[in-house]
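Trainee: Just need the structure, nothing else, for what follows:
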Amino acid sequence: MAERTKVIEVVPYDPAWKAEYRRIEARILDIAGDLIIGSEHVGSTSIEGLWAKPVIDLDLVMESYDKLPEIIRRLQQFGYEHQGNLGIEGREAFQSLQDDGFMKYHLYVCPKDGKGYREHIAFRDYLRSHPSARDEYQAVKQRLAEEFRYDIDAYCEGKTAFVQSILQKAAQNRNTI
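Mentor: As a prediction, the model looks like this:
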């Protein structure tokens, strides 16, 4: 089971998050880089200017699920626990079982055509290119963090409608290009 956030804290954007992502990515690529076709910094810390919970989200992209058993085996050798998809299709979660010297992070392994991966990228890219949507999302997150400071489930549920609306807009933008 994923480590549960006890206190929801949304903090101002920190440019150091990019460097921390690169440090984590380098570590993971050393372990399983030959089994993946790419990696992406996703989630709120990947969107310049957006306040966020200080947690890096990293998607490793694999060609297909055929690679997953070997990825699991390799990551387990280095202290990572496979947690399954945690209810999100097209995304396999992993948690480091030791202090590895990084800030808190979520590691996901996704097939290149997986729903979870496609949605992570669509959401990130839309907010990066639409500052008003980014600012609106920030306001939602700040309000929810105040209202549900000790309830991560309510915080996440409170973001759902906004996230879905952005994913719809992102899909419409792709269809108009």
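
Trainee: OK, contacts around residue 105?
Mentor: With contact taken as Cβ atoms under 8 Å, 6 or more residues apart in numbering, residue 105 is in contact with 20, 24, 55-58, 96. To be clear about C-beta, it is placed using only N, CA and C from the backbone, and glycine gets the same treatment.

Trainee: Need the pLDDT of it.
Mentor: Per-residue confidence at residue 105 stands at 97 (pLDDT).

Trainee: what sits opposite it in the beta ladder?
Mentor: Applying DSSP bridges to residue 105 yields these beta-bridge partners: residue 56.

Trainee: Roughly how far does residue 80 sit from residue 58?
Mentor: 12 Å (Cβ to Cβ, to the nearest Å).

Trainee: Could you pull out the residues contacting both of the two?
Mentor: Shared contacts of residue 80 and residue 58, counting by Cβ under 8 Å, 6+ apart, come down to residue 107.

Trainee: Next, the nearest residue to residue 155 once chain neighbours are set aside: phi, psi?
Mentor: Once its chain neighbours are removed from consideration, residue 155 has its nearest residue in residue 148; the separation is 4.4 Å (Cβ to Cβ, 6 or more residues apart in numbering). The phi/psi pair for residue 148 (degrees, to the nearest 10) reads phi -120, psi 40.

Trainee: Residue 148: how many residues sit nearby?
Mentor: One way to gauge burial is a neighbour count; for residue 148, by other Cβ atoms under 10 Å, it gives 16.

Trainee: again, but for residue 134
Mentor: By other Cβ under 10 Å, the residues close to residue 134 number 20.

Trainee: neighbouring contacts of the helix or strand that contains it?
Mentor: Element membership of residue 134 [criterion: DSSP states H and E] is helix 131-147. Counting by Cβ under 8 Å, 6+ apart, the neighbours of helix 131-147 from elsewhere in the structure are 8-10, 44, 47, 49-53, 126-128, 154-155, 158-159, 162, 166, 169.

Trainee: All set now, cheers.
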